[in-house]
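In: Make a model of this:
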Amino acid sequence: EKLKTNFSLNYYESEALYDNKDYERFNVRSNNDYTINNWIHANVDVNLLYSKQNSPHNGAGGSIMKDLMFSSPLYNAYWADGRYADGKDGDNPIAYHNLSGNNRGEYYRVGGKLQLDLTPIKDLTLTAVASPRYTFDKKKDHKMAYDVYRISGDPISGGGYSTTSLSETRDDTYSLTMQFYANYKFQIQRHSIGLMAGFEDYTYKWENEGASRTNFTLDNFPYLDLGPEDYQFNSGKAGHNSYRSIFGRIMYSWADRYMLQANIRSDGSSRFAKGQKWGTFGSIGAAWAITNENFMKDVSWLKNLKYKLSWGVLGNQDFITNPTIAGYYPYNDLYTIGNLNDEISFSFKYKGNPDLTWERSETWNTGIEFNIADILEGEVEYYNKTTKDMLFLKQVSPSLGYAQYPVNDGKMVNKGLEFSLVAHLVKTNDISLDLRVNGGHYKNKMTQMPMDDTTGKEKPLEIQGAYGWSKGHSLYDFYIREYAGVDPETGMALYIL
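Out: So this is what the prediction gives:
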């Protein structure tokens with residue numbers, strides 16, 4: 001009984017509703033628990049995954065189904081001799097689907113977890129966890145030129161690609177999560193106390209490479225070395241980020257009636273400059289199990305009634321807008337290294353901000369849990385969340401040499417009500433039937449606009465993609481021009497600027 005092992009092997013294969021598309025996946029998982037002695041326990045988990053997929057290129061519609069639906073039925077797909085017809089100006093979606101090449105991909109993932117639990121004294125548990133993860137993604141995009149035929153039998157270029165080309169990419173990622181924490185739980189008469197303190201370290205690295213060649217002579221051999229050297233291209237980039245956290249928690253309960261919990265944590269992120277990396281956050285919550293009170297002991301139909309109230313501050317290091325552009329170094333100016341007349345060139349790409357720091361969200365939450373006669377269970381919660389020092393890319397005058405840069409600015413409020421209900425309609429030894437309903441309503445609005453760097457006042461409007469931010473309005477209101485009718489002289493649409 002010292003060793004418990006769970007091993008699973010899974011194979012999945014699927015074909016699509018149309019030709020030239022398929023998917024295959026192979027997965028192995030092993031979970032092992034080992035009790036070394038009465039105070040040392042180990043857990044080792046390993047999971048392996050391999051998948052392979054093949055798919056044709058899609059046209060303007062985005063899929064073969066849409067391409068076929070968008071095509072006029074007046075045009076032939078084939079001629080009587082079996083050759084592909086020219087459709088409309090060479091646009092034949094069936095020929096494109098079958099002749100324009102394909103995308104092939106292979107994905108490998110290796111992950112695991114090693115956990116060691118020590119119980120040196122009663123009620124104290126020391127835990128160490130190491131969880132590595134590695135992925136490798138290989139893709140090959142083979143685009144092929146092809147011909148279709150007019151009714152006269154003359155060939156013309158198909159509506160896909162003018163030349164045959166091949167692009168290959170290799171993407172590697174590696175992450176490692178390390179955790180060390182201690183839990184101490186003890187009871188003094190009707191008082192239950194739990195203490196926890198811990199440390200976490202997370203590291204993530206990625207690297208990708210790309211290579212391509214065009215103007216292939218041999219269409220059916222998708223290998224880079226068969227393409228002309230004069231038409232070869234390559235690319236590559238890499239990045240990494242990490243964070244560290246120190247955290248603690250205190251839990252208290254008296255007679256399972258009154259419960260308190262307090263949390264505090266300090267997080268440091270590599271996405272911020274020196275002096276701005278660390279932020280400290282905390283929360284406190286309380287709950288009252290009303291049905292455990294003596295005055296409720298005769299109310300047998302009410303199985304559970306609990307009131308909850310909490311307050312807390314959380315930190316966020318991810319950008320609301322454009323996380324890809326902001327990347328892992330938003331505090332630095334970034335430049336693109338290129339080739340200009342066979343010389344190394346540097347061009348400005350991204351404006352950084354060394355004053356960036358954590359976005360902070362303060363949340364009040366209150367609600368109830370209930371269980372009526374084991375027939376109806378539910379939970380209703382109301383929350384009010386205020387976010388300040390918002391992380392986003394603020395728009396500025398392009399005359400500065402850049403059109404946007406990352407800032408901590410602005411404030412918004414989210415208020416909402418959420419509920420979850422479960423009705424146990426049928427419950428016997430053999431059959432159970434439940435009806436679950438959940439929903440909610442929330443309102444989001446900006447309460448403080450970002451500052452205009454030129455005037456020193458709040459901006460009346462901040463454009464973020466398709467959205468327009470404005471005080472008193474939602475963060476996700478679409479910003480479009482106001483229609484003003486038709487110009488009577490030209491017939492063109494008019495808009496108010």
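In: so where is the protein shaky, pLDDT-wise?
Out: Low-confidence segments of the chain, defined by pLDDT under 70: 60-61, 320-327.
In: List the backbone torsions phi and psi for residue 226.
Out: Backbone dihedrals for residue 226, given as degrees, to the nearest 10, come out at phi -90, psi 0.
In: Residue 216 is in contact with that one, correct?
Out: Yes - using Cβ atoms under 8 Å, residue 226 is in contact with residue 216, at 6.4 Å. Glycine gets a C-beta too; all of them are placed from N, C-alpha and C.
In: Those two - which one has more neighbours?
Out: Between residue 226 and residue 216, residue 216 has the larger neighbour count (other Cβ atoms under 10 Å), namely 23 against 12.
In: Secondary structure element for the more buried one, which one?
Out: Under the criterion DSSP states H and E, no helix or strand holds residue 216.
In: quick one: it and residue 224 touch, right?
Out: No - because the distance of 9.6 Å does not satisfy Cβ under 8 Å, residue 216 is recorded as not touching residue 224.
In: Could you name every residue contacting both of the two?
Out: residue 166 (Cβ atoms under 8 Å, 6 or more residues apart in numbering).
In: quick one: contacts for residue 30?
Out: Per Cβ under 8 Å, 6+ apart, neighbours of residue 30: 5, 6, 7, 8, 44, 45, 46, 47.
In: beta partners for it?
Out: residue 7, residue 46 (DSSP bridges).
In: Please tell me how far it sits from residue 59.
Out: In this structure, residue 30 lies at 44 Å from residue 59, with Cβ to Cβ, to the nearest Å as the measure.
In: what's the answer for residue 129, then?
Out: Taking Cβ to Cβ, one finds residue 129 at 48 Å from residue 59.
In: which of those two has more neighbours?
Out: A side-by-side neighbour count of residue 129 and residue 59, using other Cβ under 10 Å, places residue 59 first with 20 against 17.
In: Would you give the sheet partners of the strand or helix carrying residue 309, along with the direction of each?
Out: Secondary structure from DSSP H and E places residue 309 in strand 302-316. Strands flanking strand 302-316 in the sheet, each with its direction: strand 278-289 (antiparallel), strand 359-372 (antiparallel) (DSSP bridges).
In: chain center to the helix or strand following the last one: distance?
Out: Scanning the chain past strand 359-372 towards its C-terminal end, the next helix or strand to appear is strand 376-388 (assignment: DSSP H and E). What separates the centre of strand 376-388 from the centre of its chain is 23 Å, taken as Cα atoms, centre = their mean, to the nearest Å.
In: do the same with stretch 101-108
Out: Using Cα atoms, centre = their mean, the mean C-alpha position of stretch 101-108 is found 22 Å from that of the whole chain.
In: Can you name the residues in contact with it?
Out: Counting contacts by Cβ under 8 Å, 6+ apart, the residues outside stretch 101-108 that touch it are 20, 49-57, 135-144, 161, 164, 222.
In: Then stretch 3-22?
Out: Taking contacts as Cβ under 8 Å, 6+ apart, the residues outside stretch 3-22 that touch it are 23-35, 53-56, 64-65, 97-98, 102.
In: which among those end up buried?
Out: In the contacts of stretch 3-22, burial by neighbour count holds for 29, 53, 55, 56, 64, 97, 98, 102, counting by 16 or more other Cβ atoms under 10 Å.
In: quick one: which of the residues you listed is nearest residue 313?
Out: Using Cβ to Cβ, residue 29 comes nearest to residue 313 of those, at 37.8 Å.
In: OK, contacts around that closest one?
Out: With the criterion set at Cβ under 8 Å, 6+ apart, residue 29 makes contact with 7, 8, 10, 45, 46, 47, 48.
In: Quick check: the fourth one touching residue 33?
Out: No - taking contacts as Cβ under 8 Å, residue 45 lies outside contact range of residue 33: 9.4 Å.
In: before we move on, back to that, possible to save the strands paired with strand 302-316 as JSON lines with distance to residue 183 and mean neighbour count?
Out: Supplementary listing: the strands paired with strand 302-316 in JSON lines, determined by distance: least, Cβ to Cβ, whole Å; neighbours: other Cβ atoms under 10 Å:
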{"stretch": "strand 278-289", "distance to residue 183": "18", "mean neighbour count": "17"}
{"stretch": "strand 359-372", "distance to residue 183": "25", "mean neighbour count": "17"}
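In: of those strands, which approaches residue 477 most closely?
Out: Residue 477 lies closest to strand 359-372 among the strands paired with strand 302-316, at 20.5 Å (Cβ to Cβ).
In: Convert the C-alpha atoms of that closest one to PDB, please.
Out: What follows is strand 359-372, C-alpha atoms only, in PDB (Å, rounded to 0.1, in the frame of the first residue of the first chain):
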ATOM      1  CA  GLU A 359      -2.200  47.500 -11.900                       C
ATOM      2  CA  ARG A 360      -4.400  47.300  -8.800                       C
ATOM      3  CA  SER A 361      -8.000  46.200  -8.300                       C
ATOM      4  CA  GLU A 362      -9.900  46.700  -5.100                       C
ATOM      5  CA  THR A 363     -13.000  44.400  -4.700                       C
ATOM      6  CA  TRP A 364     -15.800  44.300  -2.200                       C
ATOM      7  CA  ASN A 365     -17.900  41.200  -2.300                       C
ATOM      8  CA  THR A 366     -20.900  40.100  -0.300                       C
ATOM      9  CA  GLY A 367     -23.400  37.200  -0.700                       C
ATOM     10  CA  ILE A 368     -25.300  34.300   0.700                       C
ATOM     11  CA  GLU A 369     -25.300  30.500   0.300                       C
ATOM     12  CA  PHE A 370     -28.500  28.500   1.000                       C
ATOM     13  CA  ASN A 371     -29.900  25.000   0.900                       C
ATOM     14  CA  ILE A 372     -33.700  24.600   1.200                       C
END
